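Enquirer: Okay, structure incoming, though there's no sequence with it:
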């Protein structure tokens, strides 16, 4: 039987973050460095995770980040993040990245990512977090899909452990 945890609505973790792509953020093609976009995604997701947990959180992983469309210098980047599901000490956060033309206001979807965060206590140990309560149809869909992705992550983690053990029998 699991211990009772407080509940929080998903909407309380919502984050909308805005950045502008400056010349220092671009590669020789004049588009944003992928690593810069990843850093902004991590910050956006970290804020959402901390809003949900109201504790210190650390990034555990970022899943399958694909760049659908380049983001050009001078464009505005909008990052939309929210906790999709909270487990005992970890949570999945989804972040959608859009680029906006500042002259026309036209937006396009450029990438999405799912990140896992863990809340930690003063001793750097994982600590329980509130349960997440999805309220809208969209939140319920993301909540259910997060469980499927979690099972895939756990299976991948098991496979990675087996590969390491098979390659180096001295490590356990």
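Expert: Received the coordinates, thanks. The model shown is predicted, which means the values in this text are computed figures rather than measured ones.
Enquirer: and residue 142, what does it touch?
Expert: Residue 142 is in contact with 10, 82, 84, 85, 94, 134, counting by CB atoms under 8 Å, 6 or more residues apart in numbering. For the C-beta atoms, the positions are set from N, CA and C on the backbone; glycine is no exception.
Enquirer: Could you say which helix or strand holds it?
Expert: In this structure, residue 142 sits in helix 137-167 according to DSSP states H and E.
Enquirer: With residue 37 instead?
Expert: Using DSSP H and E, residue 37 maps to helix 34-53.
Enquirer: Rounded mean pLDDT for that helix, please.
Expert: Regarding helix 34-53, the rounded mean pLDDT is 98.
Enquirer: the bottom helix or strand of the protein by mean pLDDT?
Expert: helix 137-167 (a mean of 85; mean pLDDT, DSSP states H and E).
Enquirer: so how far is residue 162 from residue 155?
Expert: When distance is defined by CB to CB, to the nearest Å, residue 155 is 11 Å away from residue 162.
Enquirer: So which residue is smack in the middle of this protein?
Expert: Central residue of the chain (CA atoms, centre = their mean): residue 115, 3.0 Å from the mean position.
Enquirer: ok, residue 151 to residue 85 distance?
Expert: 12 Å.
Enquirer: Mind naming the longest strand for this structure?
Expert: Counting by DSSP state E, the longest strand found in the chain is strand 107-120.
Enquirer: List the buried residues for that strand?
Expert: Residues 110, 111, 112, 113, 114, 115, 116, 117, 118, 119, 120 are the ones in strand 107-120 that count as buried (16 or more other CB atoms under 10 Å).
Enquirer: before we move on, what about stretch 117-134?
Expert: Using 16+ other CB under 10 Å as the burial criterion, the residues of stretch 117-134 that qualify are 117, 118, 119, 120, 127, 128, 129, 130, 131, 132, 134.
Enquirer: Farthest pair within these?
Expert: Spatially, the most separated pair among the buried residues of stretch 117-134 is 120 and 134, at 24.8 Å (CB to CB).
Enquirer: buried sites along the helix holding residue 142?
Expert: Applying a neighbour-count criterion of 16+ other CB under 10 Å, one finds 139, 142, 143, 146, 149, 150, 153 buried in helix 137-167.
Enquirer: ditto for stretch 39-52
Expert: Going by neighbour count (16+ other CB under 10 Å), the buried part of stretch 39-52 is 40-52.
Enquirer: who touches that stretch?
Expert: Stretch 39-52 is touched from outside by 8, 12-15, 17, 19, 56-57, 59, 62, 65, 77, 79-83, 86, 91, 93, 95, 97, 111, 113, 115, 117, 119, 129-130, 132, with contacts defined as CB under 8 Å, 6+ apart.
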